[in-house]
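1. Pasting the sequence and the predicted model now:
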Amino acid sequence: MSQPDSSRPTLGHLVEGFRRMAPISLFVIVFGLAFGVAALQQGLSELETLLMSGLVFAGAAQFATLDLWGDTIPLLPLVAITLAINARHLLMGAAFYPHLRDLPSGRRYASLLLLSDANWAMAMTGGTTASRLGILVGGGLALWTSWMIGTGLGVVFGSGINEPERFGLDAIMGCFLLAMVIGDKRDLSVLLPWGAAALAALAAMAWLPPHAHVIVGALAGGLVGLLLPSARRETTA
């Protein structure tokens with residue numbers, strides 16, 4: 001009798017991954033609510049807002065693209081900023097590949113549809129391949145469900161919130177990004193790429209065509225971040 005494949009997650013692994021990710025998912029509901037309100041304020045319909053959250057499932061990128069949304073949508077900047085924000089998924093997927101390589105290609109790529117920072121980080125902490133996949137998929141499903149619940153609440157109540165800033169909803173994305181910048185780091189040099197991105201974006205807003213600040217800021221911050229390790233090595237050499 002053949003032994004069960006220990007690298008294939010069972011329903012129990014998926015349920016356990018969902019359960020472990022559930023507490024973190026509570027914050028995602030608030031984040032999704034803020035997006036739902038912001039999307040309606042930007043002119044998206046209720047259906048468009050729900051479809052974007054359901055199909056894209058990338059909070060930071062979705063918030064960023066709202067700044068580009070209008071009667072005419074600049075496709076190239078929209079693609080560029082989405083790629084820039086989500087480029088980290090290339091590294092995350094590569095790091096997780098050893099736990100995916102034994103899966104059929106269809107299941108392998110389907111498992112990555114729900115990839116996000118939280119379930120990837122938890123899945124990388126240890127355990128068997130099956131348990132890691134359970135966290136990736138089951139935990140991702142918990143995050144996606146919470147994101148959709150939050151977006152739905154934003155769509156339902158967003159039309160009645162004419163001033164989101166009164167409830168602090170306009171600050172949620174800024175607080176989230178600030179937490180990503182600072183985190184638990186004590187190295188002030190991490191502020192250099194972000195400062196360069198901010199200054200470049202402000203200059204682009206003043207002197208370049210509309211929406212150019214998004215790409216200019218991302219390129220400036222990325223270039224400074226790329227050069228920063230070299231500068232450190234030269235200083236310590």
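-> Thanks, I have the structure now.

2. any chance you could map the helices in this protein?
-> 11-42, 46-56, 59-66, 75-86, 88-96, 105-111, 117-123, 129-134, 140-158, 172-182, 191-207, 212-236 (DSSP state H).

3. Any idea how many residues pack against the nearest residue to residue 153 once chain neighbours are set aside?
-> Distances taken as Cβ to Cβ, 6 or more residues apart in numbering put residue 33 closest to residue 153, at 4.8 Å, once the chain neighbours are dropped. No exception for glycine: its C-beta is placed from N, CA and C like everyone else's. When counting by other Cβ atoms under 10 Å, one arrives at 25 neighbours for residue 33.

4. Next, the contact list for residue 33, please.
-> Contact analysis of residue 33 by Cβ atoms under 8 Å, 6 or more residues apart in numbering lists 150-151, 153-154, 157, 169.

5. quick check, nearest of those to residue 73?
-> The closest of the contacts of residue 33 to residue 73 turns out to be residue 151 (Cβ to Cβ; 19.8 Å).

6. buried ones in stretch 121-137?
-> 122-123, 127, 129-137 (16 or more other Cβ atoms under 10 Å).

7. try stretch 68-78
-> Within stretch 68-78, the residues that count as buried by 16+ other Cβ under 10 Å are 68-69, 74, 77-78.

8. Go through these and say which is closest to residue 105.
-> residue 78 (29.2 Å).

9. For residue 198, see how far away residue 138 is.
-> Using Cβ to Cβ, to the nearest Å, we find residue 138 at a distance of 38 Å from residue 198.

10. Settle it for me: which of those two has more neighbours?
-> Just comparing residue 138 and residue 198: by other Cβ under 10 Å the higher neighbour count belongs to residue 138, 27 against 15.

11. Pull the contacting residues for the residue nearest to that one when sequence neighbours are not counted.
-> Excluding the flanking residues, the one nearest residue 138 by Cβ to Cβ, 6+ apart is residue 17, at 2.8 Å. By Cβ under 8 Å, 6+ apart, the contact set of residue 17 is 9, 119, 123, 131, 134-142.

12. want to throw the buried residues of stretch 121-137 into JSON lines with pLDDT?
-> As requested, these are exported to JSON lines (pLDDT from 0 to 100):
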{"residue": "122", "pLDDT": "89"}
{"residue": "123", "pLDDT": "90"}
{"residue": "127", "pLDDT": "83"}
{"residue": "129", "pLDDT": "90"}
{"residue": "130", "pLDDT": "91"}
{"residue": "131", "pLDDT": "92"}
{"residue": "132", "pLDDT": "92"}
{"residue": "133", "pLDDT": "94"}
{"residue": "134", "pLDDT": "94"}
{"residue": "135", "pLDDT": "93"}
{"residue": "136", "pLDDT": "94"}
{"residue": "137", "pLDDT": "95"}
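
13. ok, so of those, who is nearest residue 100?
-> Using Cβ to Cβ, those come closest to residue 100 at residue 133, 7.7 Å.

14. Is it correct that the closest one is in contact with residue 111?
-> Yes - applying Cβ atoms under 8 Å as the test, residue 133 and residue 111 come out as touching, 6.4 Å apart.
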